[in-house]
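> Kindly return the folded structure for what I paste below:
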Amino acid sequence: MTRRSITKRAALVTATALVAVGTVGTVAATAGPEHAKKPSKKQIAHLFDTWNATLQTGDADKVADLYAKDAVLLPTVSNKVRTNHAEIVDYFEHFLQNKPVGKKVWTIVNVLDADSAIDTGVYEFTLTDPKSGAQRVVEARYTYEYEKRNGTWKIVNHHSSAMPEG
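Numbers count the residues shown, from 1 in each chain. All right, here's what the predicted structure looks like:
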């Protein structure tokens, strides 16, 4: 091997090493100081428990605060699609008069990434007529789409519809 080929080979190895170090540095810089950890399916499923407990307060504003400002609500007992905070509050002001108590019957949770997840399945609500006190159970299909915004899980899409064969 000649001195010239050794010099070329050393330059090539050095250039390759610099490119590799630069690539690792770029990947580390874009990954951020801490790589966000995906929540567990159990953590996402628990968001329903928080929502259901908030229903028990009877406070429509507190329930609506669990939804993102740009959330969409397709509610169970209303034909009107709700697309802003005021409309979501309005829906819950009426719905909460029935003292709803929810219970999941069947659920599937898909954690999409560290900041988004979907919980879908079947739930039932025990509703109490405010005048007669009579109770009835409504079974419905549901989908909650969650996003973590500013460190807090928010409902960005909530669809609920009574079972068609019920």
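> Give the other helices and strands that the biggest strand by length in the chain contacts.
Longest strand in the chain, counting residues (DSSP state E): strand 135-149. Strand 135-149 sits against helix 41-55, strand 116-128, strand 152-162, with contacts defined as 3 or more CB pairs under 8 Å, 6 or more residues apart in numbering; DSSP states H and E. (Each C-beta comes from the backbone N, C-alpha and C, glycine too.)
> got the buried residues for the shortest one?
Meaning strand 152-162. By neighbour count on 16 or more other CB atoms under 10 Å, the buried set for strand 152-162 is Trp153, Lys154, Ile155, Val156, Asn157, His158, His159, Ser160.
> ok, of the residues you listed, which one's closest to Phe125?
Using CB to CB, Ser160 comes nearest to Phe125 of the buried residues of strand 152-162, at 9.2 Å.
> Just give the closest residue to that closest one, not the sequence neighbours.
Thr76 (4.1 Å; CB to CB, 6 or more residues apart in numbering).
> what residue lies at the spatial centre of the protein?
Tyr146 (1.2 Å; CA atoms, centre = their mean).
> ok, what's across the strand from it?
For Tyr146, the beta-bridge partners are Ala117, Ile155 (DSSP bridges).
> That one contacts His46, correct?
No. Look at Tyr146 against His46 with CB atoms under 8 Å: they stay out of range, at 11.1 Å.
> which stretches of this structure have low pLDDT?
By pLDDT under 70, the weakly predicted segments of the chain are 1-35, 166.
> Please look at Thr120 and Asn157 and confirm they touch.
No. Thr120 lies out of contact with Asn157 (CB under 8 Å); the separation is 10.8 Å.
> Please enumerate the shared neighbours of the two.
The contact sets of Thr120 and Asn157 overlap at Thr143, Tyr144 (CB atoms under 8 Å, 6 or more residues apart in numbering).
> rewinding a little: among the helices and strands packed on strand 135-149, which is nearest Val63?
helix 41-55 (5.1 Å).
> can you pull the buried residues of the one helix or strand Ala86 maps to?
Applying DSSP states H and E as the criterion places Ala86 in helix 85-95. Buried residues in helix 85-95, counting neighbours by 16+ other CB under 10 Å, are found at His85, Glu87, Ile88, Val89, Asp90, Tyr91, Phe92, Phe95.
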